[in-house]
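Participant: model this:
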Amino acid sequence: MFDWKKPTVQMLGRWQPWHDGHQALFKRCIAKTGQVAIQVRDVQGASGGDGQDDNPFNWDEVCQNIEAGLLKDGFKRGQEYEIMLVPNIVNITYGRGVGYTFEEEVFDTSVTEISATKIRQKLRDEGKLN
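Facilitator: The predicted structure follows:
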C-alpha cells in the first residue's frame, strides 16, 4: 500500500508517451525509497515549454500508458507508486533547507537515445496516432 507519510521519490513529466527510458528511470527511483509519486503535466494540445509542443496524449491515456508499462515489471498503482495530475509546471524553485534534493540519473546510450519524439512519429507513421 502506498504510504503518504513515507519518504518518496518524485517523477515529474509529460510522459508523451511513457517509454523504456521512463521505465528505467522509475526503477532507479523505486530503489531509493520503495515508492514513487509520478506527476503528470497534462499538456495535451498545449505547449509543455520550449520545444515541447507535441503532446497528443490526454490525462487518461498517459495514466493507462504508465500503468501498462509499469505492470510489465510487476509494479502496481496504489502500491509502489501513485499518479498525480499537476499543472503545466515549467519551473521548480526552492529555498534553503527544504529536506529534499535534485538528482540527475545518468544512463547508458541505449537508454538515453530513447526519444518520445521518435516514438510519436513512428506511431503516426503506423496510423496509430493523429
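
Participant: which ones are touching residue 116?
Facilitator: Taking CB atoms under 8 Å, 6 or more residues apart in numbering as the contact definition, residue 116 lies against 16-17, 19. All C-beta atoms are positioned from the backbone trio N, CA, C, and that covers glycine.

Participant: in TSV: these, plus secondary structure, pLDDT and distance to residue 36.
Facilitator: Shown next, in TSV, are those (DSSP: H, G, I helix; E, B strand; the rest coil; pLDDT from 0 to 100; distance: CB to CB, whole Å):
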residue	secondary structure	pLDDT	distance to residue 36
16	coil	96	19
17	coil	96	18
19	coil	98	16
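
Participant: who wins for most neighbours among the residues you listed?
Facilitator: residue 16 (23 neighbours; other CB atoms under 10 Å).

Participant: any idea how far it is from residue 98?
Facilitator: 29 Å (CB to CB, to the nearest Å).

Participant: rewinding a little: which one of the contacts of residue 116 sits closest to residue 41?
Facilitator: Closest to residue 41 out of those is residue 16 (9.4 Å), distances taken as CB to CB.

Participant: so the closest one sits against residue 55, correct?
Facilitator: Yes: applying CB atoms under 8 Å, one finds residue 16 in contact with residue 55, separated by 5.2 Å.

Participant: and which of the contacts of residue 116 is nearest residue 108?
Facilitator: Among the contacts of residue 116, and counting by CB to CB, the member closest to residue 108 is residue 19, at 15.5 Å.

Participant: next up, the contacts around the closest one.
Facilitator: Per CB under 8 Å, 6+ apart, neighbours of residue 19: 69, 114, 116, 119.

Participant: swap in 6 Å and give it another go.
Facilitator: Listed by CB atoms under 6 Å, 6 or more residues apart in numbering, the contact partners of residue 19 are 114, 116, 119.

Participant: same thing with residue 2?
Facilitator: Here residue 2 is in contact with 35, 78, 82 (criterion: CB under 6 Å, 6+ apart).

Participant: OK, contacts around the last one?
Facilitator: Okay, so that is residue 82. Here residue 82 is in contact with 2, 37 (criterion: CB under 6 Å, 6+ apart).
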